[in-house]
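In: here is a sequence with its predicted model. Questions after.
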Amino acid sequence: MRVVVVGGTGLIGSKLVNRLSRDGHEALAASPRTGVNTLTGEGLAEALEGAEVVVDVSNAPSFEPAAVLGFFETSTGNLLAAESEAEVGHHVALSIVGTERSPDNGYFRAKVAQERLIEKSGVPFSLVHATQFFEFVKGIADEADDGGVVRIAPVLFQPIAGDDVAAVLCEVAEGPPLNGRMEIAGPERVRMDEFFREALAALGDPREVVADPDARYFGSELAEHSLVPLGEARLGGIRYGDWVAAAAAT
């Protein structure tokens, strides 16, 4: 099966391309680095020729609200139009758990807009909503840094390893379209401030983590369940402590 992975040279995309290739599929990593630009359309038709599945794990270069909205609307619109022309039978997109619960977050609003385009496109689709990745822990802490103190809201948090995300995306790409969504999360649900206190210590980061109910998450005010699945979810198998240990050993 020919599968085109948009954003295939990034964190999740590269893991997914490797998994699909190991499963015997023809997996193409599509990104500006490989001559495929979904914003301009450059190389898109050629990349999709003969493709049966497209998996979109691309990310916006800017998190500024207007820029990120423009990216996802333009990129997704061009991609879906090219898929219709190429008669692609399955569009898989990676999104985020809780996007519709944080309307004050510009990035989440852009992901909601992306999903609406997919749902209305007529292309059979699957939406995979994931919680935050282990790989983003330091970046989240840096965003929450206030003069050397990391201020984190004491809400529920259930991050997941990038390898687990790629494994589920591979399985979804190999199966029939869901024409709906599924949610995936890590195996451990904890309080966000407690997680970051232990996670930064495991990374050798000396910053103090303070539980602050008013702390924002990339501009969002968080409620208890803003970032975790509300119902049934597929759980990854990799625990954060094991992930850190494995990363340190490489």
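Out: Received, thanks.
In: any chance you could map the helices in the protein?
Out: Shown for the chain, the helices assigned by DSSP state H span residues 11-22, 44-48, 65-86, 106-120, 137-143, 162-174, 192-202, 240-249.
In: other SSEs contacting the third one?
Out: In terms of contacts (3 or more C-beta pairs under 8 Å, 6 or more residues apart in numbering; DSSP states H and E), helix 65-86 is packed against helix 44-48, strand 53-56, strand 90-96, helix 106-120. For every residue, glycine as well, the C-beta is placed using N, CA and C.
In: could you report the pLDDT at Ala201?
Out: pLDDT for Ala201: 93.
In: pull the contacting residues for Ala141.
Out: Ala141 makes contact with 150, 196, 199-200, 205, 207, 209 under the criterion C-beta atoms under 8 Å, 6 or more residues apart in numbering.
In: ok, now with 6 Å
Out: Contacts for Ala141 (C-beta atoms under 6 Å, 6 or more residues apart in numbering) come out as 150, 196.
In: can you add distance to Pro32 and give the helices of the chain back as TSV?
Out: Output for the helices of the chain, formatted as TSV (distance: least, C-beta to C-beta, whole Å):
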stretch	distance to Pro32
helix 11-22	12
helix 44-48	11
helix 65-86	11
helix 106-120	18
helix 137-143	22
helix 162-174	21
helix 192-202	32
helix 240-249	28
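In: nearest to Val97, out of these?
Out: helix 106-120 (10.1 Å; C-beta to C-beta).
In: buried ones in the closest one?
Out: 106-115, 117-118 (16 or more other C-beta atoms under 10 Å).
In: dump the helices and strands packed on helix 65-86 to TSV, plus mean pLDDT.
Out: Putting the helices and strands packed on helix 65-86 into TSV (pLDDT from 0 to 100) gives the following:
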stretch	mean pLDDT
helix 44-48	97
strand 53-56	98
strand 90-96	98
helix 106-120	96
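In: which residue of this protein sits farthest from its center?
Out: Gly147 (28.8 Å; C-alpha atoms, centre = their mean).
In: any idea of the pLDDT on Ser220?
Out: For Ser220, pLDDT reads 89.
In: same thing with the one 5 residues further on?
Out: The score at His225 is 96. That number is its pLDDT.
In: likewise for Ala247?
Out: Here the pLDDT value assigned to Ala247 is 85.
In: roughly how far apart are it and Ile238?
Out: 11 Å (C-beta to C-beta, to the nearest Å).
In: neighbour-wise, which of those two wins?
Out: Shown here are Ala247 and Ile238; by other C-beta atoms under 10 Å, Ile238 has more neighbours (18 against 13).
In: so that one touches Pro159, yeah?
Out: No - assessed by C-beta atoms under 6 Å, Ile238 is found out of contact with Pro159, at 10.2 Å.
In: residue contacts, Phe196?
Out: 141, 152, 209.
In: redo that, cut-off 8 Å
Out: Phe196 is in contact with 137, 140-141, 144, 150, 152, 209, counting by C-beta under 8 Å, 6+ apart.
In: how far away is it from Leu94?
Out: According to C-beta to C-beta, Phe196 stands 23 Å off from Leu94.
In: now swap in Glu208 and tell me
Out: Relative to Leu94, and taking C-beta to C-beta, Glu208 is found at 33 Å.
In: pLDDT weak spots in this structure?
Out: For the chain, no stretch is flagged by pLDDT under 70.
In: noted, bye for now.
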